[in-house]
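Engineer: Here you go, sequence then predicted model.
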Amino acid sequence: MTPGPTPRSSRNSDPTCAALLGLNGTVYTPKTRLTVGPRGTVDTRITGASGGLDIPATATVAITGTVSIIFEQDPAASGLYYGLRWEGNHVADLEALHAAGGLVWDDTALLEPVSIFAKDGFTYVGQAASLATISAFTVADASTGSTLVTNDATVNVSITAEPAEGHTIDGYAVTETANPPTTWLPAISSYAITGPEGSVTLYAWAKDTAGNTASKSAAICFSTVAPVVSDLVITDNGDTTATATWTTDILAEGSVNYGPVAMSGSTPNTSTETDLGTSHSIVITGIVDGTNCKLVIVNNEHVGPTAYWPKPWPIEGDANMDCRVNILDLIFIRNKLNLDVGTDDNWKARRQPGHADQYPRPDLRAQQAEHPVPLTEGNRVSRLRLASEAT
């Protein structure tokens, strides 16, 4: 700003010209020439981020006025924190200007003082800020390790922190608000959520021996409610994979436990989503043609429902659970009938008087009670079918 119009040819050389250049969070680069006349002032205010004059080596500098830098708050991050930068080593020039009163600064708001120093090819008016930092903060379910959802109020926490140079971390804390803690622990690995269920934001804190503190946040969904599952569909992708889709009435992290149908009922494979949602889609791999699969849907650690694909289960007559009805089922049943009765796994023995568990299904027990049929060669086939149903 100038007091009045000045001919273009004389604006940079008129010693009576006065100006005030105010910079706040801004870098100003004079590419060829910087002139601050006797009545000129460059006033820079630094509020957490570096700014001010950034003078290249190619610029001609003539300062007879005042360059004033006010540091209003401590740096927001580690690294160089400055209100003036000049390419090259100009420590002597700036110190002489400072001694003459042409370069002044106010660092009363800072924990560490400001100085003139050269580093990596530049000269700075500022400080090499070294602060405590938290580089990583994770919150996870204590049993599953999920960082998306937990149904237990007590979660595992992990904080990775770095102190300011020359210091050590001497305190950790976790809070449910952004307000700094008043109590510090030498180490922390778990935290009990006290707030209501839903999306919970936790704040990690670290403090070093210089008194510097740092914080970092992480969110996790805390829910003990079992999601209601609907619209479960399993689609064959035709490339030894299938896609299971379903919906839930609340936000959930979905997964599918799956495997070939087996007597053990096991589902050795698991595929899990990487985000929360109410619409779920998971691809299951390794599908073998002709093999029936058991799929168990899990949402937020709540198990169910169970589906069998591509054929429903059980298949009548498939005693050995290989998804086929053939002679192997008759052999399986024969072997069951001929087992040593002392093993308590002999179907014929279970049908003898005094065995309360003759049939697992009540309707079959009633049928046997009303129509007792001795085991003879003439009725072996019908008894085999009945034994198959009993499994």
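Structural biologist: Okay, I see it.
Engineer: going forward, measure contacts between C-alpha atoms and count neighbours the same way
Structural biologist: Will do.
Engineer: where in the stretch 101-250 of the chain is pLDDT low?
Structural biologist: Low-confidence segments of the stretch 101-250 of the chain, defined by pLDDT under 70, are absent.
Engineer: thought Arg39 was touching Gly65?
Structural biologist: Yes. Counting by CA atoms under 8 Å, Arg39 touches Gly65, with 5.6 Å between them.
Engineer: More neighbours: these two, which one.
Structural biologist: Neighbours were counted for Arg39 and for Gly65 using other CA atoms under 10 Å; Gly65 has more, 21 against 14.
Engineer: Nearest residue to that one in space, please, no chain neighbours.
Structural biologist: Excluding the flanking residues, the one nearest Gly65 by CA to CA, 6 or more residues apart in numbering is Pro38, at 4.1 Å.
Engineer: Gly101 is in contact with the one you found, correct?
Structural biologist: No. With contact defined as CA under 8 Å, Pro38 does not count as touching Gly101 (11.6 Å).
Engineer: Settle it for me: which of those two has more neighbours?
Structural biologist: Pro38 (17 against 14).
Engineer: Can you verify that one is assigned to a helix?
Structural biologist: No. Secondary structure of Pro38, determined by DSSP: H, G, I helix; E, B strand; the rest coil: coil, with no helix assignment.
Engineer: Any figure for the gap between it and Ala62?
Structural biologist: Using CA to CA, to the nearest Å, Pro38 is found at 10 Å from Ala62.
Engineer: cool, Asp208 as well?
Structural biologist: 44 Å.
Engineer: can I see the domain layout of the protein?
Structural biologist: Partitioning the chain according to automatic domain parsing yields domains covering residues 8-129, 133-222, 229-309, 327-390.
Engineer: Centre-most residue in the chain?
Structural biologist: With distances taken as CA atoms, centre = their mean, Thr147 lies nearest the centre of the chain, 5.4 Å away.
Engineer: where does the stretch 251-391 of the chain have low pLDDT?
Structural biologist: Checking the stretch 251-391 of the chain against pLDDT under 70 turns up 263-264, 313-315, 321-323, 339-391.
Engineer: Run through the strands of it in chain order.
Structural biologist: Secondary structure of the stretch 251-391 of the chain (DSSP state E, counting those that start in this stretch): strands located at 254-260, 269-272, 277-284, 293-299, 302-309.
Engineer: what packs against the host helix or strand of Thr35?
Structural biologist: Using DSSP states H and E, Thr35 sits within strand 33-36. Strand 33-36 is packed against strand 60-63, with contacts defined by 3 or more CA pairs under 8 Å, 6 or more residues apart in numbering; DSSP states H and E.
Engineer: So which bits of the strand it packs on are buried?
Structural biologist: Ile63 (16 or more other CA atoms under 10 Å).
Engineer: CA atoms only for that strand, dumped as PDB, please.
Structural biologist: C-alpha atoms of strand 60-63 as PDB (Å, rounded to 0.1, in the frame of the first residue of the first chain):
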ATOM      1  CA  THR A  60      19.000  -8.600  -5.200                       C
ATOM      2  CA  VAL A  61      18.200  -7.700  -1.600                       C
ATOM      3  CA  ALA A  62      18.300  -4.100  -0.300                       C
ATOM      4  CA  ILE A  63      16.700  -3.700   3.200                       C
END
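Engineer: Tell me the strands beside that strand, with direction?
Structural biologist: According to DSSP bridges, strand 60-63 forms sheet pairs with strand 33-36 (parallel).
Engineer: strand partners of the next helix or strand after the strand it pairs with, parallel vs antiparallel please.
Structural biologist: Downstream of strand 33-36, the next assigned helix or strand under DSSP H and E is strand 41-47. With DSSP bridges as the test, strand 41-47 is paired with strand 20-24 (parallel), strand 66-73 (parallel).
Engineer: Render the CA-only coordinates of the last one in PDB, please.
Structural biologist: The one in question is strand 66-73. Extracted in PDB, the C-alpha atoms of strand 66-73 (Å, rounded to 0.1, in the frame of the first residue of the first chain):
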ATOM      1  CA  THR A  66      12.200  -3.200   8.900                       C
ATOM      2  CA  VAL A  67      11.400  -6.900   8.500                       C
ATOM      3  CA  SER A  68       9.300  -7.900  11.600                       C
ATOM      4  CA  ILE A  69       8.400 -11.500  12.400                       C
ATOM      5  CA  ILE A  70       5.900 -12.400  15.100                       C
ATOM      6  CA  PHE A  71       5.700 -16.100  16.100                       C
ATOM      7  CA  GLU A  72       2.300 -16.400  17.600                       C
ATOM      8  CA  GLN A  73       2.300 -20.100  18.500                       C
END
